[in-house]
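I need the structure of the sequence given here:
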Amino acid sequence: MLLGFVLFMIGDQLYWWTNREDYSFGFLVPFFAIYVIYDRWSLISSYIFSTNSLVGAKVDYSSPKSEENAKYESFNKWLEYLALVGFIVGLLLFGVGALLRSVTGPQNPASLAIAASFASITLFGIFIMSKEQVDGRPMPLKDRIALTFLFLFPALIWLLSAPLVSALETQIRVFLLTKVTVVVFTVFDLLGYELEREGNVLLLPEGKVGVEEACSGIRSLTACLFAGSFLAAIFLKHLWKKFLLVFAAMLLAVFTNLLRSMFLTLWAYHNGSQAIDAHWYLPVIGDIGSVHDVTGMSILVLTCIGLLLLLPIFNFKLPEFDEEDDSINPEMKST
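Below you'll find the model as predicted:
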């Protein structure tokens, strides 16, 4: 069932991956999702096939029900009911998204509804179906939650590769455009450059520079969120570190986009506003694109390198010291 849903979702999102450059990274999403499951398969199978040492060690269901076990089972039942409601809501949401897709063709709300429904069906479905292991033994609640969390990236990453609702996407673009323009104008004004600001347009002595939608940073923001999510899923163990790296990816994307906007403004200030669209030529390679496009790609690469450099920091561990050190005086040890 999940395979059928994911094939339908890929067929729907292919339209956006093909026709919108800022979502072209979506072609990597299926392969990255499969790789994450492959990378975690030994741990997943340990929960399913009872090879994990923690499985079955939490609650003894064969023993007489104590008051504590009764509360535990009651809480477990309520979670199962909530998961069942979430699973049904996911099915209904998928039906709504598929109906919109078939009637009106590709549109943002339909794709977002299908992606959200797949996440709901996958996560809640895994929690429900992991009630028992392959050998029929009940799986403890803690292990069911841990098993469900192993599928967070394969289930949620499709929300990034699907376009946002137009109204929300417009609000984010306008917000980022305004902030980028204000920050660039403020920095150059403090540095003593002569320029004026009219909305999202900067008036320079050699012309004017307009901060367009492509310069808002939403393209690099979605791509960096995708890269940060994948790196967090593969290289980080703790959940809080994963979310922290995704948040750092968002901040890094915004910061590097500001650097790009300031560089382009400085370039236009000294070379004229038309210089931004001029093409750069290398002796061997030839035309490598306009200044605007080259800086955009360079900033994206720089952001990914920054994320890779953050990984050793997130994985840093303080050295562990033995309680007994050989250098300690033997008399003190005996004391």
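
my guess is Asp12 meets Pro106, correct?
Yes: taking C-beta atoms under 8 Å as the definition, Asp12 is a contact partner of Pro106 at 7.0 Å. Quick note: C-beta positions are derived from backbone N, CA and C, even for glycine.

of the two, who's got more company?
Between Asp12 and Pro106, Asp12 has the larger neighbour count (other C-beta atoms under 10 Å), namely 21 against 15.

in the stretch 101-250 of the chain, which spans are strands?
With DSSP state E, counting those that start in this stretch, the ranges of strands along the stretch 101-250 of the chain come out as 196-198, 201-204, 207-210.

so what secondary structure elements neighbour the helix or strand Phe8 falls within?
In this structure, Phe8 is located in helix 2-19 according to DSSP states H and E. Taking 3 or more C-beta pairs under 8 Å, 6 or more residues apart in numbering; DSSP states H and E as contact, the helices and strands that helix 2-19 lies on are helix 67-104, helix 108-129, helix 158-161.

Can you tell me which of those is nearest to Val291?
Across the helices and strands packed on helix 2-19, the minimum distance to Val291, taken as C-beta to C-beta, is reached by helix 158-161, at 28.6 Å.

Show me what counts as buried in that closest one.
Trp158, Leu160, Ser161 (16 or more other C-beta atoms under 10 Å).

Phe235: which of these is nearest?
Comparing these against Phe235 with C-beta to C-beta picks out Leu160 as the nearest, at 18.3 Å.

Contact partners for that closest one?
Taking C-beta atoms under 8 Å, 6 or more residues apart in numbering as the definition of contact, the neighbours of Leu160 are Val29, Thr222, Leu225, Phe226, Ser229.

quick check, nearest of these to Ala113?
Set against Ala113, the nearest of the contacts of Leu160 by C-beta to C-beta is Val29 (17.4 Å).

Figure out the helix or strand that that closest one lives in.
In this structure, Val29 sits in helix 29-39 according to DSSP H and E.

Remind me what that helix packs against, helices and strands.
Packing contacts for helix 29-39, counted by 3+ C-beta pairs under 8 Å, 6+ apart, involve helix 152-156, helix 158-161, helix 218-235.

got the domain boundaries for this structure?
Residue ranges of the domains in the chain are recorded as 2-163, 167-314, according to automatic domain parsing.

re earlier: for the record, mean pLDDT for the helix or strand just after the helix holding Val29?
Scanning forward in sequence from helix 29-39, with DSSP H and E defining helices and strands, the next element found is helix 41-48. Model confidence over helix 41-48, given as mean pLDDT, is 88.

Same question for helix 41-48: list its buried residues.
Buried residues in helix 41-48, counted by 16+ other C-beta under 10 Å: Ile44, Ser46, Tyr47, Ile48.

which one of these sits closest to Ala83?
Set against Ala83, the nearest of the buried residues of helix 41-48 by C-beta to C-beta is Tyr47 (16.4 Å).

quick one: pLDDT of the closest residue to that closest one other than its chain neighbours?
Distance criterion C-beta to C-beta, 6 or more residues apart in numbering; nearest residue to Tyr47, sequence neighbours excluded, is Leu147 at 4.5 Å. Leu147 is assigned 91 on the pLDDT scale.

what does Asn329 give?
Among the per-residue scores, Asn329 holds a pLDDT of 49.

Likewise for Lys58?
Each residue has a pLDDT score; the one for Lys58 is 45.

picking up where we left off before, go through the contacts of Leu160 and name the one nearest Tyr269.
Checking the contacts of Leu160 against Tyr269 by C-beta to C-beta gives Thr222 as the nearest, at 29.6 Å.

The closest one: how many residues sit nearby?
What Thr222 shows, counting by other C-beta under 10 Å, is a neighbour count of 20.

what does Gly306 give?
Applying other C-beta under 10 Å, we find 16 other residues in the vicinity of Gly306.

OK, contacts around it?
For Gly306, the contacting residues are Leu252, Thr256, taking C-beta under 8 Å, 6+ apart as the criterion.

List the buried residues of the helix or strand harbouring it.
In this structure, Gly306 sits in helix 291-314 according to DSSP H and E. Neighbour counts over helix 291-314 (16+ other C-beta under 10 Å) mark 291-292, 295-296, 299-300, 303-304, 306-307, 310-311, 314 as buried.

how about JSON lines for those, with distance to Ile172 and pLDDT added?
Listed next are these as JSON lines, based on distance: C-beta to C-beta, whole Å; pLDDT from 0 to 100:
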{"residue": "Val291", "distance to Ile172": "26", "pLDDT": "72"}
{"residue": "His292", "distance to Ile172": "21", "pLDDT": "73"}
{"residue": "Thr295", "distance to Ile172": "22", "pLDDT": "78"}
{"residue": "Gly296", "distance to Ile172": "18", "pLDDT": "76"}
{"residue": "Ile299", "distance to Ile172": "18", "pLDDT": "80"}
{"residue": "Leu300", "distance to Ile172": "18", "pLDDT": "79"}
{"residue": "Thr303", "distance to Ile172": "18", "pLDDT": "83"}
{"residue": "Cys304", "distance to Ile172": "21", "pLDDT": "82"}
{"residue": "Gly306", "distance to Ile172": "22", "pLDDT": "86"}
{"residue": "Leu307", "distance to Ile172": "21", "pLDDT": "86"}
{"residue": "Leu310", "distance to Ile172": "24", "pLDDT": "86"}
{"residue": "Leu311", "distance to Ile172": "27", "pLDDT": "87"}
{"residue": "Phe314", "distance to Ile172": "27", "pLDDT": "84"}
